[in-house]
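> Return a 3D structure for these sequence lines:
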Amino acid sequence: MSSSLRVLGIEGTAWAASAAVYDADTDDVHIETEAYEPESGGIHPREAAEHMGEHVPQVIERALAHARSLADDDPTRDLSAGDPPVDAVAFSRGPGLGPCLRIVGTAARALAQRFDVPLVGVNHMVAHLEIGRHRSGFSSPVCLNASGANAHVLAYRNGRYRVLGETMDTGVGNALDKFTRHVGWSHPGGPKVEAAAAEGEYHELPYVVKGMDFSFSGIMSAAKQASDDGVPVEDVCCGLQENVFAMLTEVTERALSLTGSDELVLGGGVGQNERLREMLEAVCAQRGAEFFAPEDRFLRDNAGMIAVLGATMYEAGDTIPIEESAVDPDFRPDEVPVTWRRGETTNPSTADDGTVQGAEATVEIGANRVVKTRNPRTYRHPTLDERLRVERTREEARLTTDARRHGVPTPVVLDVDPAAGRLVFETVGDADLRDQLTADRVRAVARHLAAVHGAGFVHGDPTTRNVRVSRSDAGDDGRTYLIDFGLGYYTDDVEDYAMDLHVLGQSLAGTADDAEALFAAAADAYRTAGDPAVVDHLRDIEGRGRYQ
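Now for the predicted structure:
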């Protein structure tokens, strides 16, 4: 970047009327924000838009005053001669509330025309990831975004940020707010849950992880019911916080394992919670990965991250004409061409022998047998961790054997010790599917899933790391094996079967350059081998995702 590059960023997706100036020479970010604070309940779109209409001009003027003061000390810029105080205007195009976004977009267009500088349209959620990458200096991190309206995990692959996992119902912050409203606490609820949890004892609540996705509706209903039944609210808050954040952390660990990344950044306002940070730090320490959380001012909705990413996009030539700059309330992060990272490669290969650190277990691969141990996850509450380790170890042994009885290639279970979280299998395959992706192998996975669904259960986590493949000259006809049934369960619900396919699709998006073609092959194979209604139901599931 040139030494004099300065970008004005404007944010107004929902909560924060915010403007910022980023000075690339000093890496300084000056932020002006007026937060929308509803008197009760959650966000009210009309009130939020009124807040933006009133405060966006004010924060812009204060930010521009700062830009002008920088220009006064800059010998390369002469405002009196008509030089603009900034070199580009960046704004949040989405996702967010349409009325709020339109106010911000109108302001950004007017300023870009007034100063005769380029306009940059920024995806709000990609900005959360990029500010963490920028401040940390990480190369290619996984990002957990945890905010009021959102909860998802992103990673870079083949020119885009891929959504590897997301909430199937509500954002994590909104979920906590729903509970606190139920018990009569004022907004915002997250900090109140955090404070109460510190005084409580762990109360068991539902824990729902579906492969790379998670759901908060069940745990919210159970928490409300527990409070109504007289369980001390501090205990409910403790169980709520421990389970919800453990769910986020587990899915994040799965994303680290899937992508092979050893870097994690946190984004979103819920990221200010100390317990969530503790969990993420713990899982990274256990995996030998690095963790970074930006300062709180960059976790909350803010224009600073818009300005910083705006500068990066400007340098990459990624600007937008005024006539094409309409806002998009449903702007998915994986719709954004990541022009500023062109040519980068990701996904280091996984080892096919020795000791491998999986998503929740250590796997020792020998010539004839594999020892899988679910070591205690230090980020989880001990009571929760012990329950999950024992249940998943038992279920994995049972379902692996059951799948084999129904003709699906799986390793033979040689020994199981649920109390120790240990399983011993025969060694199968030469590599993970992730490292040997072909359309034929993906079709085989789809046929295997159709078989287990026909037998009345799901795999639960059919990612490209949980399939082992053999070379065609390996003596077993190049077989494709399903492994790691730890998240599986018995069910006759088409919804659950479709979730298996959804998880497979997400993992392909995170590990394959031609993910869409591969998943289309998988869907066609499943239609032939299984119930076509399962494939049709995928659209319903995808429609529930926050960014679908």
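> can you list the domains in this protein?
Following automatic domain parsing, the chain resolves into domains at 6-133+299-336, 137-296, 381-412+428-544.
> Verify the contact between Phe292 and Gly271 for me.
No - Phe292 is not in contact with Gly271 according to Cβ atoms under 8 Å; the separation is 10.8 Å. Bear in mind the C-beta positions are built from the backbone N, C-alpha and C, glycine included.
> So those two - more neighbours on which side?
More crowded of Phe292 and Gly271, by other Cβ atoms under 10 Å: Gly271, with 25 against 18.
> I figured Glu395 hits Tyr490, correct?
No - the criterion here is Cβ under 8 Å, and Glu395 misses it with Tyr490 at 9.2 Å.
> Compare those two (neighbour count), which wins?
Set Glu395 next to Tyr490 and count neighbours by other Cβ under 10 Å: Glu395 wins out with 19 against 13.
> what pLDDT does that one get?
Predicted confidence (pLDDT) for Glu395: 97.
> residues touching it, list them.
485-486, 488-489 (Cβ atoms under 8 Å, 6 or more residues apart in numbering).
> Need the max-distance pair from the residues you listed.
Greatest spacing in those, by Cβ to Cβ: Gly486 and Tyr489 (10.2 Å).
> Run through the residues that contact Ala521.
Here Ala521 is in contact with 439, 442-443, 446 (Cβ under 8 Å, 6+ apart).
> oh sorry, the question was meant for Val534
Here Val534 is in contact with 450, 453, 494, 497-498, 501, 526 (Cβ under 8 Å, 6+ apart).
> Before we go further, it is sitting in a helix, right?
Yes - per DSSP: H, G, I helix; E, B strand; the rest coil, Val534 lies within a helix segment.
> Name the nearest residue to it, ignoring sequence neighbours.
Tyr497 (4.5 Å; Cβ to Cβ, 6 or more residues apart in numbering).
> repeat for Val503
Nearest one to Val503, counting by Cβ to Cβ, 6+ apart, is Gly211 at 3.2 Å.
> That neighbour reaches Arg465, doesn't it?
No - using Cβ under 8 Å as the test, Gly211 is too far from Arg465 to be in contact (11.3 Å).
> May I have the secondary structure class of Val122?
Val122 ends up strand, using three-state DSSP.
> ok, now how distant is the residue nearest to Asn466 when sequence neighbours are not counted from Arg181?
Distances taken as Cβ to Cβ, 6+ apart put Asp484 closest to Asn466, at 4.2 Å, once the chain neighbours are dropped. Asp484 is 39 Å from Arg181, where distance means Cβ to Cβ, to the nearest Å.
> number of nearby residues for the nearest residue in space to Asp318 that is not next to it in sequence?
Distances taken as Cβ to Cβ, 6+ apart place Thr339 nearest to Asp318, at 4.5 Å, with adjacent residues excluded. Residues lying near Thr339 (other Cβ under 10 Å) number 13.
> Which residues are in contact with Thr339?
With Cβ under 8 Å, 6+ apart, Thr339 has these contacts: 313, 316-318.
> next one: Glu242
Glu242 touches 197, 202, 275, 380-381, 384, counting by Cβ under 8 Å, 6+ apart.
> if we go to 6 Å?
Glu242 makes contact with His381 under the criterion Cβ atoms under 6 Å, 6 or more residues apart in numbering.
> for the helix or strand Gly505 falls within, which positions count as buried?
Using DSSP states H and E, Gly505 sits within helix 494-511. With burial defined by 16 or more other Cβ atoms under 10 Å, the residues of helix 494-511 counted as buried are 496-511.
> tell me which helix or strand of this structure sits lowest on mean pLDDT?
strand 354-357 (a mean of 78; mean pLDDT, DSSP states H and E).
> buried residues in that strand?
In strand 354-357, counting by 16+ other Cβ under 10 Å, buried: 356-357.
> quick one: Met247 and Asn174, what's the gap?
Taking Cβ to Cβ, one finds Met247 at 15 Å from Asn174.
> isn't Tyr156 right next to Ser140, touching?
Yes - between Tyr156 and Ser140 there is a contact at 5.5 Å, judged by Cβ atoms under 6 Å.
> neighbour count winner among those two?
A count of neighbours by other Cβ under 10 Å puts Tyr156 above the other of Tyr156 and Ser140, at 24 against 19.
> Can you tell me the SS state at that one?
Tyr156 ends up strand, using three-state DSSP.
> Give me the below-cutoff pLDDT ranges for this protein.
1-3, 39-42, 345-353, 472-478, 544-548 (pLDDT under 70).
> could you redo the last one with a cut-off of 80?
Along the chain, the parts satisfying pLDDT under 80 run over 1-4, 37-43, 187, 343-355, 358, 471-478, 542-548.
> which residue is nearest the centroid of it?
Compute the mean C-alpha point of the chain, and by Cα atoms, centre = their mean the closest residue is Val153, 1.2 Å away.
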